[in-house]
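>>> predicted model follows, preceded by the sequence.
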Amino acid sequence: MQPILTLRRKALRGALGLLGLGAATLLAACATAPAPTPAPRSAEIRVITSGAFTEAYKQLVPLFERESGHKVISSFGASMGNAPDAIPTRLARGEQFDIIILAGPALDGFIKEGKAVAGSRVDLVRSTIGFAVKSGAPKPDISTVPKLKQTLLDAKSIAYSASASGTYFSTELVQKLGIAEQVLPKSKRILSERVGTVVARGDAELGLQQVSELVPIPGIDYIGPLPDEVQQATFFSAGIVTGAKEPEAARALIKFFTSAKAAPVIAKTGLEPVGSK
């Protein structure tokens, strides 16, 4: 009986030894194995964009969200002016954003003030100014400077934006044409609304705004751009806001806006993509 018990004890000790060796080998393998790569973190990117880039922006953001896994929280406002929803007003009252997209000169001003990060400006698109009338209304000829001048003199009412295009119209264009005294009294600066919407309602006979802001509005007919001699092209640019909570994800979104994939979407909205060149 004793030899049998001895054999059993030896067999048990051998099995335990093998288990211990296996456990030690497993622990050693775990210690030397590379750590698993963490899953990419999904960020919430807060963006405010001015009107000229809005239509392209609305089409591009869902594509970026699907590709990146990030979430974009969007706001909209004019590049300039003191309307309650204008970008300068919202930054002044402390609203938090990661990216601002607006007229390049306005962005440069925010960089100088320290509200946007120095060196973060990226030009996205080149935008031109055009005119529209209510759908079905006669389309005046604005193809030359003299014809544009006559159209403005003949119009009963004119609507213009409170942002870059409207500032150019009211402070430079009509002065260049020598008709400021005749035209400005019958012209209305539109706050917090698209000029095309005002024209579509019949509240103004003629409307002037960035082409990309006129084209998508229902109920109006786009006439065409200003003649080259008096056209003002504006670069609309993106910048990182000082104190941004998601600067890396914000840069990824800006890079997407300048990609070759984004260019045809931008071009369809009446803008010239510049970042993909």
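Ah, there it is. Not measured: the values here are computed from a predicted model. Numbers count the residues shown, from 1 in each chain.
>>> how close does S120 get to S212?
Using Cβ to Cβ, to the nearest Å, we find S120 at a distance of 23 Å from S212. The way it works is simple: take the backbone N, C-alpha and C, and place the C-beta from them, glycine included.
>>> do V145 as well
23 Å.
>>> residue boundaries of the helices in the stretch 51-200 of the chain?
Ranges of helices in the stretch 51-200 of the chain, per DSSP state H, counting those that start in this stretch, are 54-68, 87-92, 104-113, 145-154, 164-168, 174-177, 180-183, 195-201.
>>> which strands and helices lie in contact with the longest one?
Same thing as helix 54-68. strand 71-76, helix 211-214, helix 247-257, helix 263-268 (3 or more Cβ pairs under 8 Å, 6 or more residues apart in numbering; DSSP states H and E).
>>> what is the distance between that helix and the centre of its chain?
9 Å (Cα atoms, centre = their mean, to the nearest Å).
>>> surely Q182 touches D154?
No. Checked against Cβ atoms under 8 Å, the pair Q182 and D154 is beyond contact range at 10.4 Å.
>>> for burial, what's the neighbour tally of R201?
Neighbours of R201 under the rule other Cβ atoms under 10 Å: 13.
>>> ditto for L153
That count, for L153 with other Cβ under 10 Å as the rule, works out to 12.
>>> any idea how far it is from V183?
7 Å.
>>> with F169 instead?
F169 is 9 Å from V183, by Cβ to Cβ.
>>> cool, P138 as well?
From P138 to V183 the distance is 19 Å (Cβ to Cβ).
>>> who's more crowded, the two?
Using other Cβ under 10 Å, the more surrounded residue of P138 and V183 is V183, with 19 against 8.
>>> quick revisit: Serialize the helices and strands packed on helix 54-68 to CSV and add fields for distance to V47.
Formatted as CSV, the helices and strands packed on helix 54-68 follow (distance: least, Cβ to Cβ, whole Å):
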stretch, distance to V47
strand 71-76, 6
helix 211-214, 17
helix 247-257, 7
helix 263-268, 16
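>>> rewinding a little: neighbour count: V145 and S212, which is higher?
For V145 versus S212, neighbours defined as other Cβ under 10 Å are more numerous around S212 (24 against 15).
>>> ok, that one - contacts?
S212 makes contacts with G51, A52, F53, T54, E55, A56, V125, S127, T269, G270, L271, as judged by Cβ atoms under 8 Å, 6 or more residues apart in numbering.
>>> just L148 next, same as before
For L148, counting by Cβ under 8 Å, 6+ apart, the contacting residues are I142, L177, L226, P227, V230.
>>> measure the closest residue to the first one other than its chain neighbours to V47 for me?
Looking back up the chat, that one is I142. Spatially, and ignoring its direct neighbours in sequence, I142 is nearest to L148 (4.4 Å; Cβ to Cβ, 6 or more residues apart in numbering). L148 is 35 Å from V47, where distance means Cβ to Cβ.
>>> what number of residues lie near the closest residue to K176 other than its chain neighbours?
Distances taken as Cβ to Cβ, 6+ apart put V230 closest to K176, at 6.2 Å, once the chain neighbours are dropped. By other Cβ under 10 Å, the residues close to V230 number 16.
>>> who touches V230 in this structure?
V145, L148, L173, K176, L177.
>>> what does the model give the closest residue to the third one other than its chain neighbours for pLDDT?
If I follow you right, that is L173. Nearest non-adjacent residue to L173, counting by Cβ to Cβ, 6+ apart: V230, 6.0 Å away. Looking at V230, its pLDDT reads 97.
>>> do you know how far V230 is from L148?
For V230, the distance to L148 - Cβ to Cβ - is 7 Å.
>>> how about the contacts made by the closest residue to R90 other than its chain neighbours?
Closest residue in space to R90, ignoring its immediate chain neighbours: G77 at 6.0 Å, by Cβ to Cβ, 6+ apart. Contacts for G77 (Cβ under 8 Å, 6+ apart) come out as I48, S50, A83, D85, A86, I87, T89, R90.
>>> if we can go back for a sec, please identify which of the helices of the stretch 51-200 of the chain is closest to P216.
Of all the helices of the stretch 51-200 of the chain, it is helix 54-68 that lies closest to P216, at 4.9 Å by Cβ to Cβ.
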